[in-house]
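Student: kindly return the folded structure for what I paste below:
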Amino acid sequence: MRFATISTPSGPAAAVQLEDGGFLPIAPLAQAAGVSDPALLDGGLQALIEGGDAALAKLAEILKGAHGGAVVSAQEVQLLAPLPKPAKNVFCVGRNYADHIAEGARALKADIKVTEVPVFFTKPSTTVIGPNAEIPIFLSVSDKIDYEVELAVIIGKSGRNIAADGAMSHVWGYTVLNDITARDVQRRHGGQFFKGKALDGSCPMGPVIVTADEIAQPHNLALRTYVNGEIRQDGNTGQMIFDIPTLIASLSEGLTLSAGDILATGTPSGVGYAMEPPCFLTEGDEVMCQVEGIGELKNTLRNI
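Tutor: Okay, the predicted model is just below:
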């Protein structure tokens, strides 16, 4: 199933995407069906995720019946980030594609090695924006804004010290994420990832979350970035150094992962700072990130 958070007159609402591309808000549908499950009545995707398999099964049962005229067409819908206000920072992985490590080493004239364990950092919840939202460029802070397409994992089942061989059972679904990065800020702060990747609006996400059962091979998905129609990144999740089970197992060591947590899994080569000459994003640029089987995430840059 495919889920989104959409804008409605009464506020953000979780919706299921139908086969014709339209979006059906879940809470009114559940109310009309006389369902008492709070995961369906809450109106948010976080509650649905926390409801687990039982909530999804109940929703699938309801969808088999008629659902009237509450559908918002794909042409009319205003999509928000699927999880507009995550309860925690977005977990991210650095240097998880060998070709991206290599291009960074060339650009920085540095000796950057593959690490023995994953490199984690986070992006605050204030970075999260949705499809078609404007990415702000804070000119007084940075003029070296870059893009990074990533497959993001949505955790469905909470756990700590999760074994790699059972990690995929903790995955609820997947979405597209653009890890917008202020490269100059990143360098100013000693090369550590957090500050340069934490500016407001620097984590576009969407357009939908696709449940894990619909992504049969998450380690064989094409992922691409286009800037103003020009392809910049063209990779495959099969190129990850640390696969999803390894990432979940490593991140959860002594740290509880909760339903609704977001884990971005790294980016392939083709980023702007490693081009010759470097090519950073500027006002008016349109960035489109694609992940096979999920969709396209488009955003435009705007000076602030």
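
Student: which strands and helices lie in contact with the lengthiest helix in the chain?
Tutor: Using DSSP state H, we find that the single longest helix of the chain is helix 45-63. If contacts are counted by 3 or more C-beta pairs under 8 Å, 6 or more residues apart in numbering; DSSP states H and E, helix 45-63 sits against strand 2-8, strand 11-17, helix 26-32, helix 38-41. Every C-beta, even on glycine, is put in place using the N, C-alpha and C of the backbone.

Student: so what touches the helix or strand following that helix?
Tutor: Using DSSP states H and E, the helix or strand that follows helix 45-63 towards the C-terminus is strand 79-80. For strand 79-80, contacts defined as C-beta atoms under 8 Å, 6 or more residues apart in numbering pick out 4-7, 12, 130-132, 206-208.

Student: at 7 Å instead, please
Tutor: 4-7, 12, 130-132, 206-207 (C-beta atoms under 7 Å, 6 or more residues apart in numbering).

Student: and the helices in the stretch 51-200 of the chain, which stretches?
Tutor: Using DSSP state H, counting those that start in this stretch, the helices of the stretch 51-200 of the chain run over residues 98-108, 183-188.

Student: what distance separates the start and the end of stretch 158-175?
Tutor: 19 Å (C-alpha to C-alpha, to the nearest Å).

Student: what residues does that stretch touch?
Tutor: So stretch 158-175 is in contact with 49, 82, 151-157, 205-206, 208-212, 215, 218, 244-246, 248-249, 252-259, 294, going by C-beta under 7 Å, 6+ apart.

Student: so which of those residues belong to helices?
Tutor: Filtering the contacts of stretch 158-175 for helices - DSSP H - leaves 49, 244-246, 248-249.

Student: and which of the residues you listed is nearest to residue 302?
Tutor: Closest to residue 302 out of the ones in helices among the contacts of stretch 158-175 is residue 49 (31.1 Å), distances taken as C-beta to C-beta.

Student: thought that closest one was touching residue 259?
Tutor: Yes: using C-beta atoms under 7 Å, residue 49 is in contact with residue 259, at 5.0 Å.
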